[in-house]
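Enquirer: next one to model:
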Amino acid sequence: MPLSRFQPEHYATLLADKVAKTEALLAPFSPPAAEVFPSPREAFRLRAEFRIWHQGDQLDYVMFHPDAPRDPVAVNHFPIAGPRIQALMAPLRERLTVSPLLRRKLFQVEFLTTTSGDALVTLVYHRPLEDDWQQAAEQLAADLGIALVGRSRKQKRVIGRDHVTESLEVEGHTWHWKQVEQGFTQPNGAVNREMLHWACRSARGLGGDLLELYCGNGNFTLPLSRHFDTVIATELAKTSVRAAQHNLAQNAVSNVQLIRLAAEEVTQAIRGERAFRRLADLPQALGDYDLRTVFVDPPRAGLDPATEAMVQGFDNILYVSCNPQTLAGNLQRLTESHRIAAFALFDQFPYTDHMECGVLLQRR
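Expert: Presented below is the predicted three-dimensional model:
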């Protein structure tokens, strides 16, 4: 997002415009009135990454405008970043600037933080990282009170840990998530909390068992587990699966069966087209579960046609979408068999055209 679009004084108007456009896009599918969940107007983003620009001994965080991709724009203040990132940017740059070991061929800096103030910084280099770099990095991490990761080609050095821990209260219960460096996490913590509350409210009373596709690190899995007898959660990325396994154990969640499968493979398994050895670890056959509800939070491309057809076999489809356009495409088919019972809009990315959507579809 170009910082020129940061206009907190006009936030309400900008949000209303996005809401109107998204409602118009989805109006053909007759949703109920949308619940709208605004974002904090500033200091909302928990992740940020910047290129590092070298001018002699001076370092700058820079970004590039889409219309001028070769012209760096120095970023001295980043008001959309969360408080912990804003507090770290200046002292980190100062320490990097005065240290030849830490500065040399530094290419990029990435910040990962949480609503509770945990922080991890990744330094990306165009050179090998030797033991002298490790010693300087350990001192930097200790002085700033952060975890730190150094990366270069085929190399990763971890100072302390390579993750942060997020804690959020949902429906009166506090959940804890391990969020791994370079793994996917929701960038807007305040809006993510609202998404979790909405998903749980939508799930109340549905009963039976839940199938979850694209579960990631268990962001939705943990709170949704309280609303179903059993959750079968699936995810393909190994890093996310390991994080989800840790998060289930850390939160003492015992009714989730986590299976490493892609959505396309789950579709093949449910249709009986292919057997997967990983499903043999389930306490019972997949077809023996009372799977009335499916939860999906797919990538921007939305549901592929086979998965789209598969989820139509469920009584309830709880769909969180990061792309209203592909959601509209999926709804063309899903609303042939289901009606939209609940509809929500989440402003994950203020001052952009992006809008996160949530729909609960129930069989007609």
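Enquirer: give the buried residues for stretch 43-61.
Expert: Within stretch 43-61, the residues scored as buried using 16 or more other C-beta atoms under 10 Å are 43-48, 50-52, 59-61. Any C-beta I mention is one placed from the backbone N, CA and C, and that applies to glycine too.
Enquirer: just stretch 11-23 next, same as before
Expert: Neighbour-count burial for stretch 11-23 flags 11, 14-15, 18-19, 22-23 (criterion: 16+ other C-beta under 10 Å).
Enquirer: relative to R153, how far out is K105?
Expert: K105 sits 11 Å away from R153, going by C-beta to C-beta, to the nearest Å.
Enquirer: give me the number of residues near the nearest residue to A306 once chain neighbours are set aside?
Expert: Closest residue in space to A306, ignoring its immediate chain neighbours: T267 at 4.9 Å, by C-beta to C-beta, 6 or more residues apart in numbering. Neighbour count for T267, taken as other C-beta atoms under 10 Å: 22.
Enquirer: surely T267 and M310 touch.
Expert: Yes - applying C-beta atoms under 8 Å, one finds T267 in contact with M310, separated by 4.3 Å.
Enquirer: contacts for the worst-scoring helix or strand of the chain on mean pLDDT, please.
Expert: Here the helix or strand of the chain ranked lowest by mean pLDDT, DSSP states H and E is strand 68-74, holding a mean of 86. The contact list for strand 68-74, computed with C-beta atoms under 8 Å, 6 or more residues apart in numbering, reads 3, 51, 53, 60-65.
Enquirer: give me the sheet partners of that strand and which way each runs.
Expert: strand 58-65 (antiparallel) (DSSP bridges).
Enquirer: what's next to the strand it pairs with, contact-wise?
Expert: By C-beta under 8 Å, 6+ apart, strand 58-65 touches 2-3, 50-53, 70-76, 78, 89, 93, 96-97, 103, 106, 109.
Enquirer: any buried residues in stretch 307-321, and which?
Expert: Buried residues in stretch 307-321, defined by neighbour count with 16+ other C-beta under 10 Å: 307-308, 310-312, 314, 316-321.
Enquirer: brain fart, stretch 92-100
Expert: For stretch 92-100, burial by neighbour count (16+ other C-beta under 10 Å) applies to 92-93, 95-96, 99.
Enquirer: show me where the stretch 101-250 of the chain has its helices.
Expert: 131-144, 189-203, 221-224, 238-250 (DSSP state H, counting those that start in this stretch).
Enquirer: can I get those helices in CSV with mean neighbour count, mean pLDDT and distance to R364?
Expert: Converted to CSV, the helices of the stretch 101-250 of the chain look like this (neighbours: other C-beta atoms under 10 Å; pLDDT from 0 to 100; distance: least, C-beta to C-beta, whole Å):
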stretch, mean neighbour count, mean pLDDT, distance to R364
helix 131-144, 15, 97, 56
helix 189-203, 20, 98, 18
helix 221-224, 24, 98, 24
helix 238-250, 18, 96, 33
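Enquirer: ok, which of those helices comes nearest E166?
Expert: Among the helices of the stretch 101-250 of the chain, the nearest to E166 by C-beta to C-beta is helix 189-203 (7.2 Å).
Enquirer: counting by contacts, list what the closest one packs against.
Expert: Helices and strands touching helix 189-203, by 3 or more C-beta pairs under 8 Å, 6 or more residues apart in numbering; DSSP states H and E, are strand 35-37, strand 163-170, helix 221-224, strand 291-296, strand 316-321, strand 338-346, strand 356-363.
Enquirer: before I go, just wanted to say thanks for your time.
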